[in-house]
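Engineer: turn this into a structure:
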Amino acid sequence: MHIGTRVLLGVVTVVAAAAVLTGCAQEPDSAAVPGTVPGSSTGQFAQIDAATRELVTQRVDWQAPASLDVEQTARVGLSVGSGAELKSKVEALVPNAVTTPAGEMKVGPTVRASLRGNPEDVEITPAEAVNASTGSDVQMLWTWLIKPKHPTDALDLTAHLEVPLSNGHVITHEVPLRIEVHRTMPYTVWQVLTNWGTWSAVVTSLIGVVGWLIRRRRKQGAAGEEKPEASVAAPAEAAA
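Structural biologist: So this is what the prediction gives:
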């Protein structure tokens, strides 16, 4: 074969090989998920949806007294799920509890809970956290010690729950509770003693009114004593 022909064939072969290698480099990675772009929001939503499907739906109940007394510490609880172990814990920790349904929520093996309220209305102290769950049998209970600061028809509390997902995201839930707070005699007495300024002003006003009434009665009595008697005509004067 002629030398020029051989050279031409070699050049063609090299160009063809380069084209094949370039095409292979541009092929999509077989490990990539079809229809998704790495780092896109669509892919993140798909991950969250997949992680959410691993959760189970359970009932949520408040375990709290029907009402509270002002300045008295009481325990309230929030339960997720149901079961004999959970019922036993509720009876032991919140003996006077009234179960109030609070809906349903999706939970996993780990749930974090905190109770929130207006610091001017109530003091809140975390107490017990019980997790008696086994597999899909969810039995969770959280309790807090609360101390209302003043009487009210509606003390508003909110439980904040966080459910971590397997992909690192967190689902949150807000569960509200409203309880009536009654006035007590010690609280009323304490209010009277602490508000001495107001009461002293009231007493001063009452003393002034009483003094005015006493002075008025004295003046009326003195005027009655000084009134002259009616004159009686003598017989001689009458005959004339």
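
Engineer: all contacts plus neighbour counts: C-alpha atoms, from now on.
Structural biologist: Will do.

Engineer: from M105, how far off is the closest residue to L78 other than its chain neighbours?
Structural biologist: Leaving aside its chain neighbours, L78 sits nearest to W62 (4.6 Å; criterion: C-alpha to C-alpha, 6 or more residues apart in numbering). Here W62 is placed at a distance of 13 Å from M105 (C-alpha to C-alpha, to the nearest Å).

Engineer: with G211 instead?
Structural biologist: Between G211 and M105 the distance is 69 Å, computed by C-alpha to C-alpha.

Engineer: just want to know which of these two has more residues nearby.
Structural biologist: Between G211 and M105, counting by other C-alpha atoms under 10 Å, M105 is the more crowded of the two (17 against 11).

Engineer: show me what that one is bridged to.
Structural biologist: On the basis of DSSP bridges, M105 takes part in beta bridges with Q58.

Engineer: list the contacts for it?
Structural biologist: M105 makes contact with T57, Q58, R59, V60, H173, according to C-alpha atoms under 8 Å, 6 or more residues apart in numbering.

Engineer: please name the residues that touch the second one.
Structural biologist: If you count contacts by C-alpha under 8 Å, 6+ apart, Q58 has them with V80, G81, E104, M105, K106, V107, V138.

Engineer: burial check on V107, number of neighbours?
Structural biologist: Residue neighbour count, defined by other C-alpha under 10 Å, stands at 24 for V107.

Engineer: wait, it sits on V60?
Structural biologist: No. Between V107 and V60 no contact is recorded; they are 10.4 Å apart, counting by C-alpha atoms under 8 Å.

Engineer: circling back: and the contacts of Q58, which are buried?
Structural biologist: Neighbour counting with 16 or more other C-alpha atoms under 10 Å marks V80, G81, M105, K106, V107, V138 as buried within the contacts of Q58.

Engineer: hang on, the first one packs against D137?
Structural biologist: If I follow you right, that is V80. No. Here V80 lies out of contact with D137, judged by C-alpha under 8 Å, at a distance of 10.4 Å.

Engineer: returning to what we had before: let me see the mean pLDDT of the helix or strand containing the residue nearest to L78.
Structural biologist: Counting by DSSP states H and E, the secondary-structure element that holds W62 is strand 56-64. For strand 56-64, the mean pLDDT works out to 95.

Engineer: sort out which one of the contacts of M105 lies nearest Y187 for me.
Structural biologist: Sorting those by distance to Y187 puts V60 at the head of the list, at 34.2 Å, by C-alpha to C-alpha.

Engineer: measure the closest one to A97 for me?
Structural biologist: Noted for V60: a distance of 15 Å to A97, by C-alpha to C-alpha.

Engineer: please say which of the two ends up with more neighbours.
Structural biologist: The residue with the greater number of neighbours, taking V60 and A97 and applying other C-alpha under 10 Å, is V60; the counts read 22 against 18.

Engineer: please name the nearest non-neighbouring residue to the more buried one.
Structural biologist: Spatial nearest neighbour of V60, chain neighbours left out: V80 (4.6 Å); criterion: C-alpha to C-alpha, 6+ apart.

Engineer: correct me, but H150 touches Q72?
Structural biologist: No. Using C-alpha under 8 Å, H150 is not in contact with Q72, being 10.2 Å away.

Engineer: which one's more surrounded, these two?
Structural biologist: Ranked by neighbour count (other C-alpha under 10 Å), H150 and Q72 place H150 first, with 17 against 12.

Engineer: what's near enough to touch K106?
Structural biologist: With C-alpha under 8 Å, 6+ apart, K106 has these contacts: L55, V56, T57, Q58.

Engineer: need the pLDDT of the residue nearest to the third one when sequence neighbours are not counted.
Structural biologist: It refers to T57. The shortest distance from T57 to any residue that is not its chain neighbour, by C-alpha to C-alpha, 6+ apart, is 4.3 Å, and that residue is K106. Looking at K106, its pLDDT reads 91.
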